[in-house]
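S.K.: Show me the folded form of this:
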Amino acid sequence: MLGSLLNIGAAPRPSGLGVLDYGAGVKTLSLCPPSPNCISTAEEVNDPDHYVPGWTYNPEDGRGRSNGSGKPASPAQAMQELREAVESLNPDKFTSRVVSQTGDYLYAEYTSPTFGFVDDVEFWLKPGPGSRVEYRSASRVGESDGGANRKRIRAIRQALEKKGWASVGF
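M.R.: Numbers count the residues shown, from 1 in each chain. Presented below is the predicted three-dimensional model:
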């Protein structure tokens with residue numbers, strides 16, 4: 001019985017990860033399930049349980065100044081800063097592991113120290129103006145996450161703000 005309890009968090013990697021192409025030029029990360037243990041920039045603003053604002057790695061009032069006084073970050077630099085934050089932070093003592101990375105996408109799994117629950121976290125450096133970054137953080141199992149996904153994203157955001165990033169929106 002105890003052995004099965006220690007494997008309670010083991011669940012297969014979900015399908016639908018990555019940047020989804022809905023056609024007509026609409027690309028985004030996946031939406032959240034109805035359960036409250038997921039947050040995503042792809043959600044509607046009027047869904048406060050799931051919606052979170054995106055980020056920019058070149059904010060206009062920071063290193064992305066259009067008046068020439070800033071030193072904007074390249075997408076490669078932004079991805080390196082993001083990966084460093086993901087690998088170095090462990091809010092709630094979750095262990096991170098980068099599973100895959102491309103020039104504009106990073107996918108990591110966070111494993112809880114108790115029972116081995118796994119959360120899937122993905123980031124997409126959206127092409128186009130604004131140096132926008134979308135992200136999604138979701139638990140694989142259960143209903144509640146004790147706020148772990150929000151805490152994790154907050155910790156990553158705060159680490160990136162020290163490097164010049166900013167939230168977009170409110």
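S.K.: Where does the prediction get shaky in this structure?
M.R.: For the chain, applying pLDDT under 70 flags the ranges 1-10, 66-70, 169-170.
S.K.: give me that answer again for 80
M.R.: 1-12, 14, 64-70, 142-145, 169-170 (pLDDT under 80).
S.K.: What ranges does it have for its strands?
M.R.: Ranges of strands within the chain are 20-21, 27-28, 38-40, 55-56, 95-101, 105-111, 118-125, 132-139, 166-167, based on DSSP state E.
S.K.: can you put these in JSON lines and add distance to residue 86 and mean neighbour count?
M.R.: For every residue, glycine as well, the C-beta is placed using N, CA and C. Converted to JSON lines, the strands of the chain look like this (distance: least, C-beta to C-beta, whole Å; neighbours: other C-beta atoms under 10 Å):
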{"stretch": "strand 20-21", "distance to residue 86": "21", "mean neighbour count": "12"}
{"stretch": "strand 27-28", "distance to residue 86": "20", "mean neighbour count": "16"}
{"stretch": "strand 38-40", "distance to residue 86": "16", "mean neighbour count": "23"}
{"stretch": "strand 55-56", "distance to residue 86": "13", "mean neighbour count": "24"}
{"stretch": "strand 95-101", "distance to residue 86": "5", "mean neighbour count": "14"}
{"stretch": "strand 105-111", "distance to residue 86": "5", "mean neighbour count": "19"}
{"stretch": "strand 118-125", "distance to residue 86": "7", "mean neighbour count": "22"}
{"stretch": "strand 132-139", "distance to residue 86": "10", "mean neighbour count": "23"}
{"stretch": "strand 166-167", "distance to residue 86": "17", "mean neighbour count": "17"}
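S.K.: which one of those strands lies closest to residue 14?
M.R.: Among those, strand 118-125 comes nearest to residue 14, with 6.4 Å by C-beta to C-beta.
S.K.: Perfect, I'm done here.
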